[in-house]
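Asks: Just a sequence and a predicted model for now, questions to come.
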Amino acid sequence: MIFRTPMEGIDHPEMEADVVIVGGGPAGMACALRLSQLIDAHNTAHPGAELSKENIYVLEKGREIGQHCLSGALLDPRSMNELLPGWRDEAPIEAEVSSDSLYYMTRKSAFKAPITPPPMQDHGNYVISINRFAKWLGAKVEETGITIFSGFAGSELLYDGERVAGVRTDDKGVDKSNQPKGNFEPGYDLKSKITILAEGSRGSLTKQLTGKLGLCKDRNPMTYGVGVKELWELPAGRVKPGEVIYTMGYPLTTREYGGAWIYGGKDNTVSLGFVTGLDYPDPRTDPQHVLQSFKQHPFVAKLLEGGKMVRYGAKTMPYGGWWSMPPLGGDGWMIVGDSAGFLNSQRLKGIHLAIKSGMLAAETAFESLISGDSSASQLGTLQQKVDASWIRQELFPVRNFHQGFEHGFLSGMLNTGLLMATGGHGLRDRYPAHSGHERMLPLWDIMGHGGEREQLLGWAKGDGKLTFDKLTDLYHSGTRHEEDQPAHLVIHDTNICATRCAQEFGNPCQFFCPANVYEMEEASDAPNGRRIHLNPSNCVHCKTCDIMDPYQIITWVPPEGGGGPSYEGM
Ligand code: SF4
C-alpha cells in the first residue's frame with residue numbers, strides 16, 4: 001500500500017500572501033469577514049494609507065464552501081449578532097428553536113426531565129444547516145474581494161526556523177504509486193506573513209504545528225467525541241420545526257460518554273445524531289452501530305416511523321475544553337475554531353465560539369498588518385483577546401466538565417453538580433485528563449460477549465428502513481474521491497495491525513471508522529493470516545482514526561483537494 005507523502009524534487013510555484021486562512025468553515029469565514037470589515041474601516045479613515053485585501057486567501061479543501069461542513073447544528077446567535085447585525089434577515093435558517101427537552105433513556109423507556117437543565121435550554125437559538133450557512137458566509141466573503149481557493153487543501157506548513165512562513169497546498173494529479181500523472185500540478189507555496197489555522201476538529205496542520213513546536217506539553221490532552229448523523233424526512237407534523245430533543249443514557253451504558261440530539265428543521269426534516277465519546281473502553285464499539293441502536297429505541301422508532309433517511313455523515317468534536325486548548329498564537333500563526341478546541345461540551349455547541357474566535361483572530365491579524373509585526377508577541381495577543389471576551393466567561397466555568405466523566409456517567413453527573421456549585425472549580429482548579437485512546441481496554445480485559453454493551457459492538461446489520469449498515473449509510477453521504485491517488489490515511493507501521501493490534505484490540509479501526517475505510521482481509525502470507533486493507537475513497541474526513549487508534553500510528557492527511565463527503569443540506 002502506498003501512502004500520500006510529499007513528493008521529492010518538485011518545484012512549487014510561490015505566491016506572496018499577507019494572510020492565509022486554512023479552512024472555510026464558520027471560524028475561517030468569520031475571520032475573513034471581520035478582517036475585511038476592519039480593513040474597510042481603516043481605508044475609509046486613512047485615505048492614502050489603504051490596506052489591500054488582494055493578498056488575503058482562504059483555502060478550502062472541499063469542492064465548494066460548506067461541502068465538508070457537518071454539524072448538529074444549533075446556532076447560538078451571539079457572535080453572529082456581533083459579526084453581521086441583521087444577519088437573520090438574509091441567512092439560511094431552518095427554524096428558531098420552539099421547544100427543548102431532555103430525556104433519560106433506559107432500554108425500553110424514556111423519562112423526560114421535568115425541566116431542561118439550563119445549559120441545554122435553547123430558547124433564542126436557531127436550527128441551521130451548517131452546510132447552507134457556511135455557503136452563505138462564503139458568498140459574503142467573496143463579495144468583500146477576499147479570494148477563496150476551493151478544492152485546495154493545505155498539505156504542509158512552511159517554516160523559516162521555528163516561524164510559520166506559510167502553507168503549501170496539495171499536489172494535484174498524483175497516482176496511487178505517489179507518481180505524477182499527465183494532469184499533475186504541483187501545489188503552491190503560499191508564503192504568508194500570517195497563517196490562521198481554522199481546519200476544524202483535529203486539523204492536520206494544527207497537529208503538525210503543535211507536534212513540531214511541542215505546544216501542548218503543559219496542557220491536558222484533547223479529548224473528542226464522534227457525532228454520527230442522519231437527516232430524515234418525516235410525515236408532516238411529527239416533529240415541529242425548531243423542536244429540540246436531547247437524550248442521555250441508552251444505548252450507552254454508564255461507562256461510555258455521549259448522547260443524542262434530534263432537531264426539527266423545515267419541510268418536515270429532522271437532523272438526528274448520536275455523539276459517542278472517543279474514550280470508550282470496549283475496542284469493538286462502533287459509533288455508527290450506536291446510532292442504529294438508538295433509532296431502535298421505542299421512543300425514537302415511533303418518531304421515525306414512516307419516514308425516510310436521506311443523508312448521512314460523521315464528524316468529530318473536541319470535548320477537552322479550556323485546559324486542553326493549545327496556545328492560540330505564535331510566530332506567524334494563530335489557531336481558531338474546533339482546531340483549537342473552542343467548543344462547550346456541556347452545551348454541545350461550538351459554532352458561536354468558532355465564529356467569535358475567528359473574529360478575534362481577525363482583529364489580531366489586522367493589528368499585525370498595521371504594525372508590520374507578525375511575531376509571537378503580536379499574534380500571541382489572541383490569547384489575551386479571548387481571555388477578555390465572553391468566550392472565557394462561557395468556557396472557564398465548564399473547564400472541568402468533561403474530565404468528570406472519565407470515571408463514568410454517575411460520577412460525571414455528581415461532578416457536574418459540584419462544578420455548578422463552585423463556579424467550575426470542583427475539587428481542584430484543574431482536573432487532569434487522559435487521551436481517549438489510552439482508555440481502550442485490551443480484549444482479555446473485557447467480556448467475550450457484549451453483555452449489557454451488545455448494542456454498541458460490531459457492525460450494525462440494518463433492516464433498510466429504520467436501521468442501515470455502514471455502506472448503505474455511507475452511500476447517503478455523497479462521498480467522492482479521485483480513485484487513482486495514494487491512500488491519505490497514513491499507517492506508519494502496518495505490521496502492527498496484523499500482529500499486536502489484532503491480538504490486543506481486535507483491530508478497532510474496523511469499528512470506529514464510520515465509513516468502512518478499514519478492513520482486515522484474509523492473506524495467507526501475512527502474520528496471523530490477515531492484513532489491513534484500506535478503502536480511502538470512502539473516507540468522510542471525520543478524523544476518528546487519527547484520534548482513536550490505540551497505537552497512534554494512523555495519520556490523516558488531506559487527500560487531493562475537492563474529494564470527500566458532500567453534506568448538502570446538513
Ligand atoms: Fe473518519 Fe478515518 Fe474513517 Fe476517514 S478513515 S471516515 S477520517 S475514521
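Replies: Perfect, I can see it now. Please read all numbers here as calculations on a predicted model, not as lab measurements.
Asks: What pLDDT is listed against residue 413?
Replies: If you check residue 413, the pLDDT there is 86.
Asks: Just the element for the residue in the stretch 151-300 of the chain positioned nearest to the ligand, please.
Replies: The ligand sits closest to residue 226 of the stretch 151-300 of the chain, with a gap of 8.0 Å, by Cβ to the nearest ligand atom. Quick note: C-beta positions are derived from backbone N, CA and C, even for glycine. Assigned by DSSP states H and E, residue 226 belongs to strand 224-233.
Asks: helices and strands around that strand, which ones?
Replies: strand 269-277, helix 287-296, strand 308-318, helix 544-548 (3 or more Cβ pairs under 8 Å, 6 or more residues apart in numbering; DSSP states H and E).
Asks: which helices and strands does the third one pack with?
Replies: With contacts taken as 3+ Cβ pairs under 8 Å, 6+ apart, strand 308-318 sits against strand 224-233, helix 470-475, helix 544-548.
Asks: near the ligand, which residues of the stretch 351-500 of the chain show up?
Replies: Contact residues (Cβ under 6 Å from any ligand atom) of the stretch 351-500 of the chain with the ligand: residue 489.
Asks: what comes into contact with the helix or strand of the chain with the lowest mean pLDDT?
Replies: Ranking every helix and strand in the chain by mean pLDDT, DSSP states H and E puts helix 409-421 at the bottom, with a mean of 85. With contacts defined as Cβ atoms under 8 Å, 6 or more residues apart in numbering, helix 409-421 is touched by 248-249, 252, 254-257, 346, 397-398, 400-401, 404-406, 425-427.
Asks: Out of those, list just those in helices.
Replies: Members of the contacts of helix 409-421 lying in helices (criterion: DSSP state H): none.
Asks: Let's see the ChimeraX selection covering just the buried ones among the residues you listed.
Replies: In ChimeraX, this line selects whichever of these come out buried by 16 or more other Cβ atoms under 10 Å:
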select :248,249,252,255,256,257,346,397,398,400,401,404,405,406,426
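Asks: Next, the residue positioned nearest the centre of the chain: secondary structure please.
Replies: By Cα atoms, centre = their mean, the chain has its centre lying nearest to residue 201, at 3.4 Å. The local conformation at residue 201, judged by DSSP: H, G, I helix; E, B strand; the rest coil, is coil.
Asks: and residue 382, which of the helices and strands packed on strand 224-233 is closest to it?
Replies: Comparison of these against residue 382 by Cβ to Cβ identifies strand 308-318 as nearest, at 17.4 Å.
Asks: and the angle for the closest one with strand 269-277?
Replies: Counting by axes from the mean of the first three to the mean of the last three Cα atoms, to 10 degrees, strand 308-318 lies at 40 degrees to strand 269-277.
Asks: gap between strand 308-318 and the chain center?
Replies: Strand 308-318 sits 11 Å away from the centroid of its parent chain (Cα atoms, centre = their mean, to the nearest Å).
Asks: just for the stretch 1-150 of the chain, where's the confidence low?
Replies: Under the criterion pLDDT under 70, the flagged ranges of the stretch 1-150 of the chain are 71-72.
Asks: before we move on, back to that, if it's not too much trouble, I'd like the helices and strands packed on strand 308-318 exported to a markdown table so that mean neighbour count sit alongside each entry.
Replies: Compiled in a markdown table, those are given as follows (neighbours: other Cβ atoms under 10 Å):
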| stretch | mean neighbour count |
| --- | --- |
| strand 224-233 | 25 |
| helix 470-475 | 19 |
| helix 544-548 | 24 |
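Asks: Save the ones you listed as CSV, and put in distance to residue 354 and mean pLDDT too.
Replies: Shown next, in CSV, are those (distance: least, Cβ to Cβ, whole Å; pLDDT from 0 to 100):
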stretch, distance to residue 354, mean pLDDT
strand 224-233, 15, 96
helix 470-475, 26, 96
helix 544-548, 19, 98
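Asks: With respect to residue 431, which of the ones you listed lies nearest?
Replies: strand 224-233 (17.1 Å).
Asks: near the ligand, which residues of the chain show up?
Replies: 489, 513-515, 517, 539-545, 556.
Asks: In helices, which of the residues you listed fall?
Replies: 544, 545.
Asks: who wins for neighbours among the residues of the chain next to the ligand?
Replies: Using other Cβ atoms under 10 Å as the neighbour criterion, residue 514 leads the residues of the chain next to the ligand with 31 neighbours.
Asks: partner residues bridging the closest residue to that residue other than its chain neighbours?
Replies: Distances taken as Cβ to Cβ, 6 or more residues apart in numbering put residue 314 closest to residue 514, at 4.0 Å, once the chain neighbours are dropped. With DSSP bridges as the criterion, residue 314 is bridged to residue 228.
Asks: Please verify my assumption that residue 314 contacts residue 287.
Replies: Yes: taking Cβ atoms under 8 Å as the definition, residue 314 is a contact partner of residue 287 at 7.4 Å.
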